[in-house]
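Engineer: A predicted structure for the sequence below; I have some questions about it.
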Amino acid sequence: MFGIPVDRARDALLRLPETEGWEISAMPGLFQRLMDGAPPNCIMGFIRVPAGVNVPWHEHLGFEDTLVLAGVLRDSDGQVYLPGEAMPKSVGTTHTFLADEGVDLYCAVILENGWNLL
């Protein structure tokens, strides 16, 4: 997904449960751990959404690909994404999503051109 060496990806995944290294995202409710090497106009990395948190409505200004690594993601379109499932969003898509109760949601994300809160 990120086009990085396997050992770097493995190290990043093993560090996800650690509490240090997470930054508060500009998107309310999210924490992020960004990775270097993203294509131009993109960010890539990991997000953590605490269990039970609803991420606000927002519009995608470019393509986004989200891969659920742990937890359950409930999208406003009714789709439920489990670990190993991808949630692609195209430019102009608007939505909100919820991290199910009981376990934090961890995802790998690559996002082009950002988003706007609605």
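Structural biologist: Arrived safely.
Engineer: Now Asn116: closest residue in space that isn't a chain neighbour?
Structural biologist: Spatially, and ignoring its direct neighbours in sequence, Asn116 is nearest to Glu59 (4.9 Å; Cβ to Cβ, 6 or more residues apart in numbering). From N, CA and C alone the C-beta is placed, and that goes for glycine too.
Engineer: what's the answer for Gly71, then?
Structural biologist: Leu105 (3.5 Å).
Engineer: Thr94 now?
Structural biologist: That would be Glu59: by Cβ to Cβ, 6+ apart, it lies 4.7 Å from Thr94.
Engineer: so who does that neighbour touch?
Structural biologist: Contacts of Glu59 were listed using Cβ atoms under 8 Å, 6 or more residues apart in numbering, and they are Gly92, Thr93, Thr94, Trp115, Asn116, Leu118.
Engineer: Go ahead and confirm the residue nearest to Gly71 touches Arg48.
Structural biologist: Yes. Using Cβ atoms under 8 Å, Leu105 is in contact with Arg48, at 7.0 Å.
Engineer: And these two? Which one has more around it.
Structural biologist: The residue with more neighbours, out of Leu105 and Arg48, is Leu105; 26 against 23, by other Cβ atoms under 10 Å.
Engineer: Buried residues, the helix or strand of the chain with the lowest mean pLDDT. List them.
Structural biologist: Ranking every helix and strand in the chain by mean pLDDT, DSSP states H and E puts helix 6-14 at the bottom, with a mean of 79. For helix 6-14, burial by neighbour count (16 or more other Cβ atoms under 10 Å) applies to Ala12.
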